[in-house]
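*Asks:* This is a predicted model, with the sequence first.
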Amino acid sequence: MYDCYCSPQTIFNMTQVVAEEVDAFHIRPSPSQFTVVYLDATFITVKRGTAQKEDLHVLIGITPSGEKYIIDYCIYPSESTLAYKELLDYAKQRGSKKFSFLSVMDFNDYNTLVRKYIQEQVSNVVGYI
């Protein structure tokens with residue numbers, strides 16, 4: 001990208017293509033069952049007027065056949081139960097019905113998450129791995 005000029009129209013066109021691909025990713029069907037599902041968040045720098053750090057929440061699953069699958073992701077200002085709940089709800093809407101084992105990575109409020117939102121979906125839950 002250094003020493004390269006792109007017109008505003010080119011940037012707009014590239015952004016439109018990427019936005020369509022991101023939208024398609026978020027609505028694609030999901031496998032119905034996962035042996036293991038990992039929930040985690042990491043900080044990324046997001047620029048909305050000014051640059052600031054926000055949490056990128058990710059759900060990664062492993063199917064019974066061993067296939068790794070990025071179930072979904074979203075950006076929130078901080079790690080939260082609501083973010084994980086929404087990700088799990090979106091996965092359920094797209095076809096994921098059962099998680100045999102859920103791993104919540106270093107999240108202080110994982111007990112609330114499990115008790116309030118996903119206990120019926122998950123056989124085993126482990127936190128702080």
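*Replies:* Cool, got the structure.
*Asks:* Quick check on V17: phi, psi?
*Replies:* In terms of degrees, to the nearest 10, the main-chain angles of V17 are phi -60, psi -50.
*Asks:* so the spatially most central residue of the chain is in which element?
*Replies:* Among the residues of the chain, the one closest to the centroid is Y73, at 2.1 Å (CA atoms, centre = their mean). Per DSSP states H and E, Y73 falls inside strand 68-76.
*Asks:* now the strands for this structure?
*Replies:* 33-48, 50-62, 68-76, 98-104, 122-127 (DSSP state E).
*Asks:* can you put those in a markdown table and add distance to M14 and mean pLDDT?
*Replies:* All C-beta spots, glycine's among them, are computed from the backbone N, C-alpha and C. Shown next, in a markdown table, are the strands of the chain (distance: least, CB to CB, whole Å; pLDDT from 0 to 100):
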| stretch | distance to M14 | mean pLDDT |
| --- | --- | --- |
| strand 33-48 | 16 | 87 |
| strand 50-62 | 20 | 91 |
| strand 68-76 | 20 | 92 |
| strand 98-104 | 36 | 74 |
| strand 122-127 | 39 | 53 |
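*Asks:* and these, which is most packed in?
*Replies:* Stretch with highest mean neighbour count among those: strand 98-104 (a mean of 19; mean count of other CB atoms under 10 Å).
*Asks:* and that one, what other elements does it pack with?
*Replies:* On a contact count with 3 or more CB pairs under 8 Å, 6 or more residues apart in numbering; DSSP states H and E, strand 98-104 meets strand 33-48, strand 122-127.
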